[in-house]
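Visitor: Sharing a sequence plus its predicted fold:
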Amino acid sequence: MVRGAYMVQERRLAKLRGYADPIHENIQATHDNYNAVIEMVLRYKAAPAVPEAGVMKRRATALMLASHNEKSVARAVQLMAELGIPRKESGVYFGQLQGMCDHVSYMLGEKQYAVYKYLPYGPVKEVMPYLLRRAEENGDLMSGVGKERKMIEKEIKRRVFEALGFAAKSKKEYSVAH
C-alpha cells in the first residue's frame, strides 16, 4: 500500500475523462485515508479464523506498508501489537526508499519487523523524474534529513567518546569510563 500519487497526471486524466479529481483535498486527508485503510486491513488480517469447506482457516492477507511517514508507521506498529499480529512471519512488511527515513527502517529491523529498502535503477532520464516525485510527495523530507543528520552526529560522537574511554553521564557530559 502506497500513499503517493502522480498528482499532475491523475488530475489531468480525470479532467480529460470527465471524472472527479481522485486526489485528496489536502495532505491531512491523505494521511487520514492511508491510516484508515491500514487499520482496516490489519483488523481484517487479525480477525478470527473462518470456516471454509468445514475447516477453520485464517484469512490469508499480506500487506506491504510503503511509507516514509513516521506517524503512519508508528500507528501500524501499535495496531499490530493491539491486534496480536506478530512482528515476524506475519505477512506484514514495511518498505521505504533507500536513503529516505532510514532511521525508521533501522528501528523496525532492530525490533524484528520485516522491513525492506528499495532502490530504483535504470536510465537517469527515467529514474530522476520518479525520485523527484517522491521528494515532492514527501514535503517533510528535508526535516527528516535534518533529523537523521542529528541522529548520525549523535551516534558518531557517542562512538568516538566510547572509543576514547569516555562514558556518557548525560546527553552532553562525558566522564572517563571505569
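Guide: In hand now; what should we look at? Just so you know, these numbers come straight off a predicted model, no measurement behind them.
Visitor: Can you tell me what sits against whichever helix or strand residue 71 is part of?
Guide: Residue 71 is part of helix 70-83 when elements are defined by DSSP states H and E. Residues from elsewhere that reach helix 70-83 (C-beta atoms under 8 Å, 6 or more residues apart in numbering): 3, 31, 34-35, 38-39, 42-43, 45-46, 65, 67, 85-87, 90, 92, 94, 101, 104, 108, 111, 113. Just so you know, the C-beta spots here come from the backbone N, C-alpha and C atoms, and that holds for glycine as well.
Visitor: I only care about these that end up buried; give me the PyMOL line for that.
Guide: The PyMOL command for the buried members of the contacts of helix 70-83 (criterion: 16 or more other C-beta atoms under 10 Å) is given here:
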select buried, resi 3+31+34+35+38+42+45+46+65+67+85+90+92+94+101+104+108+113
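Visitor: Which parts of the protein are strands?
Guide: Using DSSP state E, the strands of the chain run over 50-52, 55-57, 63-66, 92-97, 114-118, 166-168, 174-176.
Visitor: Quickly run through the sheet partners of the second one, with directions.
Guide: Strand 55-57 has the following strand partners under DSSP bridges: strand 50-52 (antiparallel).
Visitor: now the fifth one
Guide: Neighbouring strands of strand 114-118 in its sheet, by DSSP bridges, are strand 92-97 (parallel).
Visitor: Nearest to the middle of this structure, which residue? Look it up for me.
Guide: Nearest to the geometric centre of the chain sits residue 67, at 3.3 Å (C-alpha atoms, centre = their mean).
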